[in-house]
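J.: show me the folded form of this:
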Amino acid sequence: MKRALALAALTLSWCMQTAVAADLPKADAAKGQAIVTKVCAACHAADGNSVIPVNPKLAGQIPEYLHKQLSNFKAGANGKAERPNPVMAGFAATLSAEDVNNVVAYFSSQKAKPGTAKSKDTLTLGQKLWRGGDVARGLPACASCHGATGAGLPVQYPRLAGQHAEYLEAQLKAFRAGERANDAGKAMRTVALKMTDAEIKAVADYAAGLK
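T.: Reported below is the predicted structural model:
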């Protein structure tokens, strides 16, 4: 009972500290689709269900999250992007604020196709960390912010269910190394620093199989 209460307190505190919401303006998904067809489809697929493991699925993603990421790829007044990425920087630079809103509206309105977990050997570990974290190490459950089924918690945290395990693993390692640093309050960097390579791989694969 004490362990359960400690874990609940940890996860509640974590979510309260890292929650970030944003109000998005109205957008035109049809115009967004036209942009996606020309600019985004080659890497993320026309409906946002990428079939390339290193490129994330964007279909059905929480719009506020998509908007933040696209905006973060753009260079700021200092010439630097909050989320540096040579490939995405080039594409994002061509999009106006209205374009970003429209692309977000389109991708978020698409139906996400389910993914699959590929490793039975890591299922137990991935499930344990996703559902319960590790209170002894101050590691919150993934579900506390991303939901029990990985659907995310609008408007604060992204959907991870069905996402490519390879992409999720790469992002967790990037957070751990500080190569990606656009997480509010260093939330993901703090989490990833507590995780081993084996734990990252297990959680990523488990998330890929969530529906």
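J.: got the domain boundaries for this protein?
T.: Per automatic domain parsing, the domain ranges recorded for the chain read 2-19+115-208, 29-109.
J.: helix, strand, or coil at residue 90?
T.: Per DSSP: H, G, I helix; E, B strand; the rest coil, the local secondary structure of residue 90 is helix.
J.: just to revisit the earlier point, JSON lines for the domains of the chain, including mean pLDDT and mean neighbour count?
T.: Using the backbone N, CA and C atoms, a C-beta is placed for each residue, glycine as well. Converted to JSON lines, the domains of the chain look like this (pLDDT from 0 to 100; neighbours: other Cβ atoms under 10 Å):
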{"stretch": "domain 2-19+115-208", "mean pLDDT": "89", "mean neighbour count": "17"}
{"stretch": "domain 29-109", "mean pLDDT": "97", "mean neighbour count": "17"}
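J.: for residue 107, give its distance to residue 211.
T.: Between residue 107 and residue 211 the computed distance is 19 Å (Cβ to Cβ, to the nearest Å).
J.: kindly report the same for residue 28.
T.: For residue 28, the distance to residue 211 - Cβ to Cβ - is 30 Å.
J.: check residue 135 too.
T.: Residue 135 is 27 Å from residue 211, by Cβ to Cβ.
J.: how about residue 29?
T.: 24 Å.
J.: same deal with residue 99?
T.: 32 Å.
J.: once you drop chain neighbours, what's closest to the residue minimising distance to the centre of the chain?
T.: The centre of the chain sits closest to residue 158, judged by Cα atoms, centre = their mean, with a distance of 4.6 Å. Counting by Cβ to Cβ, 6 or more residues apart in numbering, residue 158 lies nearest to residue 65, which is 4.2 Å off, once chain neighbours are set aside.
J.: what sits against the one you found?
T.: 152, 157, 158, 159 (Cβ atoms under 8 Å, 6 or more residues apart in numbering).
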